[in-house]
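Colleague: Let's see this in three dimensions:
(chains A and B)
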Amino acid sequence: MKVLVTVKEVAAVEDDFEISGTEIESTYLDYDLNEWDDYAVEEAVQLAEAGDDVEVVAVTIGPERAEETIRMALAKGADRAVRVWDDAIEDTELLDVETKARLLAAVVEDEDPELVFSGVQANDDSFGATGIALAETLGVQWAAVVNDLDTAGVLDEGVASVRRELEGGVEELTDVELPAVLTIQTGINEPRYASLRGIRQAQSKEIAPKSLDDLGLDADVVASSLDITAMYEPETESDAEYIEGDAGEQASGVADVLRDAGVVGE
Amino acid sequence: MSVLAVADHRRGELRGVSFELLTAGRELADAMDTELHAAVVSGDTDGFADELNRAGVDHVHAVEHGAEFNHDVYVQAVAALAGDLDAAVVLTPNSVNGLDYAPAVATRTGRTYVSDAIGLDHGDTLEVTREMYGSKVETTMEVSDGPYVVSIRGAEWPAAEGVGDAEISTFDADIDEDAIGATVNGFEEVGGGDVDIADAEFLVSVGRGIEEEENIALIEALAETTGATLSSSRPIVDNGWLAKNRQVGQSGKQVTPDVYLAVGISGAVQHVAGMKGADTIIAVNTDPNAPIFDIADYGIVGDLFDVVPALIEEFGGEAPSV
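Modeller: Numbers count the residues shown, from 1 in each chain, chains lettered A, B, ... in the order given. From the prediction side, this is the model:
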């Protein structure tokens, strides 16, 4: 069987940064694999290790720079990767959900996997929608915010028995038919560190570039309905009383608050 | 044309965000000079519809089908109702179930989807305020190409109150049973065990700032010395450093202690949702811009690896070397 994992290179913002227009200045951005996708990759690799002949394909929408991040997925055990990019994508400020779903759907239709794993959300724009929009675009089943997947059920019975992590410490137990897209929540597994051997092997694994033309899509697919008109730092609403001084003085101040609140002995 | 707000419920109760949706929906309907409709799908639709009849709601639609959330039922029902009403905006909660159906409704009905709104307006077109990069920045975006599906963040709008004079009716969504491919088999409470952090008067809570698993011992020593109960933010549990029953936040426990001492916790919105009801919040963090300080009563901008040992000493304990 084949499992596809969508991965995204995301930018993390340093504590101190500057905004220029409607973007954060690039010197304050550090690029990394999206945290949720790290768990999605691990889930796919674990499935491959549990089954016979399971191929794991990582798919990303991203510029050439993103190959470094995609190699991390390959180093952790994905077999090969597909990278979708095009000048028309580069010119779009912020891809909307529909566009991302349509780009990924074109790859999924080529690859025809039984399962697609996608992170619940990305650290940067946090739309939390790509996986489910992808499923609906493809006309397949899905489950959002999955924190447990029964591997044997997938391999032996062709059904995805999952737990969906609801609010307040409640989990929903749900079965979905395959093929399906599952959005993967953090904590579902323990993502591995890439081994030196894995990193070495990843160098020779394929990352196939795909343009819109390769995917049979027109440039108008990337027309975004989103136009960022302002970006700013949120106003701080803090009315906290700050306890100043060195660590000893700060600790002493905290101790006074705790004693006043009556939660510790005098 | 109308704004259609879709309620969230679970195990026999409407979730609080449903009433916040009504407030957000009424504001948006006013900006668009149109009606606010509310919808409830599945469950005790009669009771839920009565509860959703709050001031400012023009019409409540009840779709009867099963007891609990099923995304295939929701997508069909909401798509059909939104089409029937020619709704300009479908408003959904950015809840775990919202994540499971709202994007699919948008895709199926050709609507533009924007998630996790913290502000909404409508001038020439829809304007949505949302956060990016964690909570580091806010952005305002103009969204062309309506109609829309927009999910809203919880606790950003107050709950709608008062009894309204909405018309209440049932809507026959003509659900296609063959198109239901997901089966919900039940629920399970997780995170039980030896301690219930929701009962604690004093919580010492640890977050990502602790950096390494072996450093947790430092916070355990603080909790022990001060007689506090130990809790944590999500990454600590995700990493397996503490058990799930220690997790405070949206997917963990809601806590309301007398004192909540947050150590190395940045204060992501999902965490704050679980602890903002504490009487006194004390936060220790190296980043002066960390959002935890927005809700803290007392702030300590400093390194937890300096402050916590000093605090343990203050109460006559001995800090482990980490």
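Colleague: Look at the residue nearest in space to the middle of chain B and give its secondary structure.
Modeller: For chain B, the residue nearest the mean C-alpha position is B:G154 (4.5 Å; CA atoms, centre = their mean). What DSSP: H, G, I helix; E, B strand; the rest coil gives for B:G154 is coil.
Colleague: how about it, what does it touch?
Modeller: The contact partners of B:G154, by CB atoms under 8 Å, 6 or more residues apart in numbering or on different chains, come to B:16-17, B:20, B:93-95, B:250, B:273. Every residue, glycine included, has its C-beta placed from N, CA and C.
Colleague: and the residues you listed as CSV, adding pLDDT and secondary structure?
Modeller: Listed next are those as CSV, based on pLDDT from 0 to 100; DSSP: H, G, I helix; E, B strand; the rest coil:
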residue, pLDDT, secondary structure
B:G16, 94, coil
B:V17, 95, helix
B:E20, 97, helix
B:P93, 97, strand
B:N94, 97, coil
B:S95, 96, coil
B:Q250, 90, coil
B:A273, 91, helix
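Colleague: Can you pull the poorly scored residue ranges out of chain B?
Modeller: Counting by pLDDT under 70, chain B contains low-confidence ranges at B:192.
Colleague: B:I216 looks like it's in a strand, true?
Modeller: No. According to three-state DSSP, B:I216 belongs to no strand; its state is helix.
Colleague: so what's it closest to, chain neighbours aside?
Modeller: B:W241 (5.5 Å; CB to CB, 6 or more residues apart in numbering or on different chains).
Colleague: Next: B:E318.
Modeller: B:I312 (6.9 Å).
Colleague: ok, now which ones touch B:I236?
Modeller: Applying CB under 8 Å, 6+ apart to B:I236 gives the contacts B:206-208, B:210, B:216, B:242, B:246-247.
Colleague: one more time with 10 Å, if that's ok
Modeller: Residues near B:I236 by CB atoms under 10 Å, 6 or more residues apart in numbering or on different chains: B:205-208, B:210, B:213, B:216, B:219, B:242-243, B:246-247, B:264-265.
Colleague: ok, now A:A208?
Modeller: A:57, A:59, A:80-84, A:107, A:214.
Colleague: make it 6 Å
Modeller: Contacts for A:A208 (CB atoms under 6 Å, 6 or more residues apart in numbering or on different chains) come out as A:V82.
Colleague: That one belongs to a strand?
Modeller: Yes. Per three-state DSSP, A:A208 lies within a strand segment.
Colleague: So what sits opposite it in the bridge?
Modeller: Per DSSP bridges, residues listed as beta-bridge partners of A:A208: A:V82.
Colleague: Distance from the chain centre to stretch B:96-112, please.
Modeller: Distance of stretch B:96-112 from the chain centroid (CA atoms, centre = their mean, to the nearest Å) equals 17 Å.
Colleague: what do you get for stretch B:208-222?
Modeller: Distance, stretch centre to chain centre, for stretch B:208-222: 27 Å (CA atoms, centre = their mean).
Colleague: quick one: buried residues of that stretch?
Modeller: B:208-210, B:215-216, B:218-219, B:221-222 (16 or more other CB atoms under 10 Å in any protein chain shown).
Colleague: And for stretch A:225-236?
Modeller: Using 16+ other CB under 10 Å as the test for burial, stretch A:225-236 gives A:225-226, A:228, A:231.
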